[in-house]
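Asker: I need the structure of the sequence given here:
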Amino acid sequence: MNKVILYGINRFQNKLENLLSSKYEVTGYSDFDKKFEKIKYYEYKPFYNEESLMNADYDYIVICNSNKKESEKSLIALRNLGIDECKIIQTYCLSWNERMFRTTFDDFINLNQNFEGLVFGMSYSRFAFLTHFFDKNFFKFSLGGVDLYTDKKWLSYITDNHKELLSSVKYVVLDLPYYIFNWDITSTSQIFYRMAYFDKFDNYRKFGESTSGQKYISNYRVLKDMFEERFESNKSVYSNNYYENGQMLKKANDESYFAASGIWYKRYENTILENIQIFQEFITLIKQINPDIKIAAVTYPYCQKFLEVNKEHISNLQKEFYHIINNTKGCENIKIFDFIKDTRYKFDDTCFRDATHFNGKGAELFSHILNKKFNDELYD
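Answerer: Coordinates of the predicted model:
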């Protein structure tokens, strides 16, 4: 039994305590807030101040704070006491991860159903490819920030270990923004939301190469052991949840709101070269599922203001995007549904929750349009 001291007396601490694995026992509490300085016991267990904590017996001190900035302050306070940082566990990430310890791939395997199509990609398809509006039976793997390497790695795992689940697949839809070849999630903070994908193979790529990344990985693995059995949301990732509300009209006059992030205009040459090779391997892997499989790439639409403000960046990326795809073996017959290049489709601001993502209204409208285009141009 691992002994745990919960640091921070608050509602989040109460929630964590109720979700703690049976392999861990709460043996005490602590909080350096002055209002607790005279407390000796809390919930009938020892309460430790700064001095008594130094002599306490524990395996881990768990910081119970859902706010990252405040959690970091607590970490510094504990570290300044000389407490081994390896024994200090932060939990703020549990409050903002959509699915901390599981992946959509786990759900696909557990469902054990026959799907005609698979959807891979990022937040664009995560929120706007509503499978219940499509005439074919699709499974959606998409999650925000996922890159080509992650999708290829997991599809490889499925083909190696659960190939029978792919026997009915005739279509693969790839959510490909123009910047996809410039994108490596392990070089960004978004990896914090997708740790399960990399922990499965003990391969964190660039993130695992840094000292801070290694510390976070260690922290994540302790959390996984502490809460994995119970810290799961009731809403399944393969469901079609999406933002019902959230129009961006209130920010429509603020041009800075629509300015593209660095991924649109900074060039990461090594990442681009790596992703070109990864994309080639991904396409080859898809073709191995079924030599007659049909591959579609979808570039999702953005609000008009975003397209206007970032016209030059988008144009530059668009050229490189098509050049790479056109020179990838196996993409000779790929069907590209480019809703940026195809100006026949315009969506007003009431369809977006932010500059580049649909809200519920937009997602439904777009899904109906894409389904019709699939019927006309993709399906047998």
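Asker: got the buried residues for the host helix or strand of residue 319?
Answerer: Per DSSP states H and E: residue 319 is located in helix 311-326. Buried residues in helix 311-326, counted by 16 or more other Cβ atoms under 10 Å: 313-314, 317, 321, 324-325. The C-beta positions use only the backbone N, C-alpha and C, and glycine is treated the same way.
Asker: and the helix or strand harbouring residue 361, what other elements does it pack with?
Answerer: Residue 361 is located in helix 360-377, with elements delineated by DSSP H and E. Other elements packing on helix 360-377 under the criterion 3 or more Cβ pairs under 8 Å, 6 or more residues apart in numbering; DSSP states H and E are helix 123-128, strand 335-338.
Asker: Provide the contact partners of the shortest one at residue level.
Answerer: The reference is to strand 335-338. If you take Cβ atoms under 8 Å, 6 or more residues apart in numbering as the criterion, strand 335-338 is touched by 294-299, 325, 370, 373, 377-378.
Asker: which stretches of the protein have low pLDDT?
Answerer: 95-100, 229-254 (pLDDT under 70).
Asker: how about the CA coordinates for stretch 365-380, as CSV?
Answerer: What follows is stretch 365-380, C-alpha atoms only, in CSV (Å, rounded to 0.1, in the frame of the first residue of the first chain):
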residue,chain,number,x,y,z
LEU,A,365,-24.4,22.0,-41.9
PHE,A,366,-20.9,21.0,-42.9
SER,A,367,-21.5,17.3,-42.2
HIS,A,368,-24.6,17.3,-44.5
ILE,A,369,-22.6,19.0,-47.3
LEU,A,370,-19.6,16.6,-46.9
ASN,A,371,-21.9,13.6,-46.9
LYS,A,372,-23.5,14.7,-50.1
LYS,A,373,-20.1,15.2,-51.7
PHE,A,374,-18.9,11.8,-50.5
ASN,A,375,-22.0,10.3,-52.1
ASP,A,376,-21.3,12.1,-55.4
GLU,A,377,-17.5,11.8,-55.6
LEU,A,378,-16.2,9.1,-53.1
TYR,A,379,-18.4,6.2,-52.5
ASP,A,380,-18.7,3.2,-54.8
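Asker: can you give me the offset of that stretch from its chain's centre?
Answerer: 26 Å (Cα atoms, centre = their mean, to the nearest Å).
Asker: and that stretch, which residues are buried?
Answerer: For stretch 365-380, by 16+ other Cβ under 10 Å, it's 365-367, 369-371, 373-374, 378.
Asker: cool, stretch 103-118 as well?
Answerer: Applying 16+ other Cβ under 10 Å to stretch 103-118 flags 103-108, 115, 117-118 as buried.
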